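Asks: Following is a predicted model, sequence given first.
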Amino acid sequence: MLGVLVSRNEVLLMAAILALLTNPSEERFQQQLEYRLNRQGRHWLESKVLSHATTAVHRRMNFRFCSLILTEPEVAYHFFGIFNYWIPLPKLIRRRRFDY
């Protein structure tokens, strides 16, 4: 044991500061999609999702510690950004209009 105990609050504070400093931008979103599309040996489902996402109309919601990109209804995924990484999230309900 190192003899140093870190409280839960300190760990949460450090995670929040790290999330704040590494909140990904829209440019990072486009770079990550292009990298994944150009990568060799990708899964067919991943390439299908990403090819639709690169041409989709989207809106970014910035929450300081994380971001959410809402895409048009034809795309089956929204994207959640945290720690300089974008994670695709499947849509549970498809809307007819882009009225977010």
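Replies: Cool, the structure landed.

Asks: From Leu92, how far off is Tyr77?
Replies: For Tyr77, the distance to Leu92 (CB to CB, to the nearest Å) stands at 11 Å. Just so you know, the C-beta spots here come from the backbone N, C-alpha and C atoms, and that holds for glycine as well.

Asks: Just give me the neighbour total for His78.
Replies: By the criterion of other CB atoms under 10 Å, His78 has 19 neighbours.

Asks: Between Tyr77 and Leu92, point out the one with more neighbours.
Replies: Here Tyr77 and Leu92 are set side by side on neighbour count (other CB under 10 Å), and the busier one is Tyr77, at 17 against 6.

Asks: what bridges to that one?
Replies: Using DSSP bridges, the bridge partners assigned to Tyr77 are Pro90.

Asks: Would you agree it is in contact with Leu68?
Replies: No: using CB atoms under 8 Å, Tyr77 is not in contact with Leu68, being 11.6 Å away.

Asks: where exactly do the strands run in this protein?
Replies: 58-62, 67-71, 77-82, 85-90 (DSSP state E).

Asks: For Ala15, which of those is the nearest?
Replies: Nearest to Ala15 among the strands of the chain is strand 77-82 (10.1 Å), distances taken as CB to CB.

Asks: Confidence-wise, which helix or strand of the chain is lowest on average?
Replies: helix 44-55 (a mean of 66; mean pLDDT, DSSP states H and E).

Asks: low-scoring stretches of the chain, by residue?
Replies: 1-4, 37, 39-56, 93-100 (pLDDT under 70).

Asks: what's the spacing between Lys91 and Thr71?
Replies: Where Thr71 is concerned, Lys91 sits at a distance of 8 Å (CB to CB).
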